[in-house]
Structure formats: structure tokens, C-alpha cells
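> No sequence on hand, only this structure:
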């Protein structure tokens, strides 16, 4: 069974930090890039960040560059997203996703999502 399980969301004040984690299982981790997209009420889905397998190339949306950092632990099939200097506009449900190519946001698999709420 394919599973992508997110954790680490929560409520934080503007300027604060959160670290999201994604644990993947049930598919060949090395065949996919792993990324995070988010969906806020009334807004389009936004690809936030992803990391390619092998070369480890990363992608960040302009809206999060310099504030978010994605990393991968290949031994544990886990990907993390460190989010610093959070802003109220970062409030959304964040989803972990398995992508054929980073940053083409057509995921084969994705998780249930974790809520991130940033208060002003």
C-alpha cells in the first residue's frame, strides 16, 4: 500500500518556524522526486518545493525562497521541509507528493495533508 504520511503542522505566530516531515512507503522511493504542495482556501494549488532523487536538485517557489529548506533522508525514505520566517499567507494544508519529475506538479501519489496556520 502506497503511503505518504505528513507530520509537523500546527499553529505558529508570524515569524516563527515549523518543520514538516513526510514518511514514504509502499513504492520505490528512488524512482520519484518528492515535493510539497499546498492548498489554501480560495486559492489555487501551489507547488512549494521539491527535491530530485540522485542529484538532489531542489526547487522552491518564489514565495518561499530563502525561507523554506527541503531535505531528504534517503536511508529512512523521509523528506522534510523546514519553514522559517513564516507569514500568514503561508497558511494552508501542506501535502507531500511523489513526482515523476521535480518540479512538474503532476503527482502520482500524495498524502492526506497537514494543516499549517500562521497567525499575525
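Looks like it arrived, so ask away. These numbers come from a predicted model, not from an experiment.
> Name the surrounding residues that touch stretch 39-47.
35-38, 59, 61, 63, 89, 91-93, 95, 103, 105, 113 (C-beta atoms under 8 Å, 6 or more residues apart in numbering). All C-beta atoms are positioned from the backbone trio N, CA, C, and that covers glycine.
> Name the residues of that stretch that are buried.
Residues of stretch 39-47 classed as buried under the neighbour-count rule (16 or more other C-beta atoms under 10 Å) are residue 47.
> Now do that stretch: distance to the chain's middle.
Offset of stretch 39-47 from its chain centre (C-alpha atoms, centre = their mean, to the nearest Å): 13 Å.
> Kindly check the end-to-end length of stretch 9-18 for me.
End-to-end distance for stretch 9-18: 7 Å, by C-alpha to C-alpha, to the nearest Å.
> Would you tell me which one of the contacts of stretch 39-47 comes nearest to residue 119?
residue 91 (8.5 Å; C-beta to C-beta).
> Run through the residues that contact the closest one.
Counting by C-beta under 8 Å, 6+ apart, residue 91 touches 40, 116-118.
> most neighbours, which of those residues?
Counting neighbours by other C-beta atoms under 10 Å, residue 116 comes out on top of the contacts of residue 91 with 22 neighbours.
> Perfect, that will be all.
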